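A.B. asks: prediction below, plus the sequence it came from.
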Amino acid sequence: MTTDKSTTTAQILSDGDQYLMKTYARNPIALADGYDCTLVDTDGREYIDFLSGIATVNLGYSNDKVKEAMHHQVNTLVHTSNFFYTEAQSTLGKLLCENSFADRAFFSNSGVEANEGAVKLARKYAYLKYGPQKNEIIAMRGCFHGRTIATLSITDVAKYREGYGPEPAGFSFTPFNDIEALEKVVGENTAGIILEPVQGEGGVYPVDPAFLKKARELCDQYDCALIYDEIQCGMGRTGKLFAYEHYGVEPDIMTLAKALANGVPIGAILAKGDYANVFTPGAHGTTFGGNPLATGTARAVVEEMLEQNIPGLAANTGAYFKAKLKELQGNCDYVNDVRGLGLLIGLELNIPGAPIVKAMLDRGFIINCTHDYVLRFIPPLVITEGEIDQMLSNLTEVLKEQKPE
């Protein structure tokens, strides 16, 4: 049976509007395929992707090693319980620990689960050593750590939190990169400080090295966990395998997700020292987390990142991209700032970004706006300079068409 493509697209949109909860302001486009850094819709139109599934498809849409790993697991073992060992899970744990600060890993299904687990881990350590009063978790202003009830309490976006109270106790915020403010809130009852080495959703702000060093010193002083959320900025995105490597300041706990399996759902908690041994049988768990499909794919992703030096590629391409954006800034009155690391780059405008995103989509480029005025560029790490030039040529034209408010 053949179906007209335009009818198929219309039916997909119609069914989605009728049967899916309206949690997303979706574009009226149905995506069907992808290759390299390009997505293809059901009408055959192509889009060069500078969003990569929100910093997730870091190796692009057609990496052979990733596809082979997925096919292998589909043809052997997709799932089994965590009452047993699997080669994929054990090997992935080894790979991540041997290439990071960590001693042990725990695998979940998503970043938000990883962050929930990281909070539990920090609090459990504090509880076992000091008692229930040492339970406070300090997060940063402008941060994003997830949408569950607990992680909303450490997500500084009011519209995401509204209507879901009462919020659980023991969570607070302090200004990002403000050492004086941090020193005032960390104390004997602090169980952990959680931060993103580069705030992504918050507008693409890298952490200040001095602030990170002070956070480490305070955590050592008060025996509390320094937690890095590298869900968006990890896995080669910033030009290093992990963003903390730019700073030389190790955490006690780190969370990963998004690009870890190039789009197959997975999350990870990495921990070192005493924190790596806090969870004992029954203290934490998951049905699907660490399943062979996810961990087998993630293993292939990490191996590909290391063997092909994908972080180094991201560093070089990111430097090229950033320099081109700086040129644009010098020639455009609407650009206030260019910032970021590697291929996590923000272009801050002084006009709303949403119309720019829409105009670029119409031209066949998927870009993103966060915090209303920041165009966030998080393409696959295999994006080419030619694709960057093509996008920037169109972006320049779109910005020229804008009119000041």
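C.D. replies: Okay, I see it. Numbering: from 1, shown residues only.
A.B. asks: where does the spatially most central residue of the chain land on pLDDT?
C.D. replies: Nearest residue to the geometric centre of the chain (Cα atoms, centre = their mean): residue 232, 1.7 Å. Per-residue pLDDT puts residue 232 at 98.
A.B. asks: and it, how far from residue 301?
C.D. replies: 15 Å (Cβ to Cβ, to the nearest Å). Every residue, glycine included, has its C-beta placed from N, CA and C.
A.B. asks: next one: residue 344
C.D. replies: In terms of Cβ to Cβ, residue 344 sits 18 Å off from residue 301.
A.B. asks: swap in residue 164?
C.D. replies: Counting by Cβ to Cβ, the gap from residue 164 to residue 301 is 33 Å.
A.B. asks: what's the answer for residue 78, then?
C.D. replies: 17 Å.
A.B. asks: those two - which one has more neighbours?
C.D. replies: A count of neighbours by other Cβ atoms under 10 Å puts residue 301 above the other of residue 78 and residue 301, at 28 against 13.
A.B. asks: report the separation between that one and residue 60.
C.D. replies: 11 Å.
A.B. asks: residue 198 against residue 344, yeah?
C.D. replies: Yes - counting by Cβ atoms under 8 Å, residue 198 does reach residue 344; the two are 5.6 Å apart.
A.B. asks: residues shared between the contacts of these two?
C.D. replies: Each of 204, 232, 233, 238 lies in contact with both residue 198 and residue 344 under the rule Cβ atoms under 8 Å, 6 or more residues apart in numbering.
A.B. asks: can you redo those residues as CSV with secondary structure and distance to residue 31?
C.D. replies: Below are those laid out as CSV (DSSP: H, G, I helix; E, B strand; the rest coil; distance: Cβ to Cβ, whole Å):
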residue, secondary structure, distance to residue 31
204, coil, 25
232, coil, 21
233, coil, 25
238, coil, 27
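A.B. asks: wait, which of those residues is closest to residue 395?
C.D. replies: Closest approach to residue 395 among those (Cβ to Cβ): residue 204, at 16.2 Å.
A.B. asks: grab the nearest non-local neighbour of the closest one.
C.D. replies: residue 346 (2.8 Å; Cβ to Cβ, 6 or more residues apart in numbering).
A.B. asks: and that neighbour, what element?
C.D. replies: Assigning secondary structure by DSSP states H and E places residue 346 in strand 344-349.
A.B. asks: after that strand, next one along is what?
C.D. replies: helix 354-362.
A.B. asks: contacting residues around the next helix or strand after that following helix?
C.D. replies: Downstream of helix 354-362, the next assigned helix or strand under DSSP H and E is strand 365-366. Contact with strand 365-366 is made by 39, 47, 48, 49, 50, 51, 360, 390, 391, 394, 395, as judged by Cβ under 8 Å, 6+ apart.
A.B. asks: neighbouring strands - and their directions - for strand 365-366?
C.D. replies: According to DSSP bridges, strand 365-366 forms sheet pairs with strand 46-49 (parallel).
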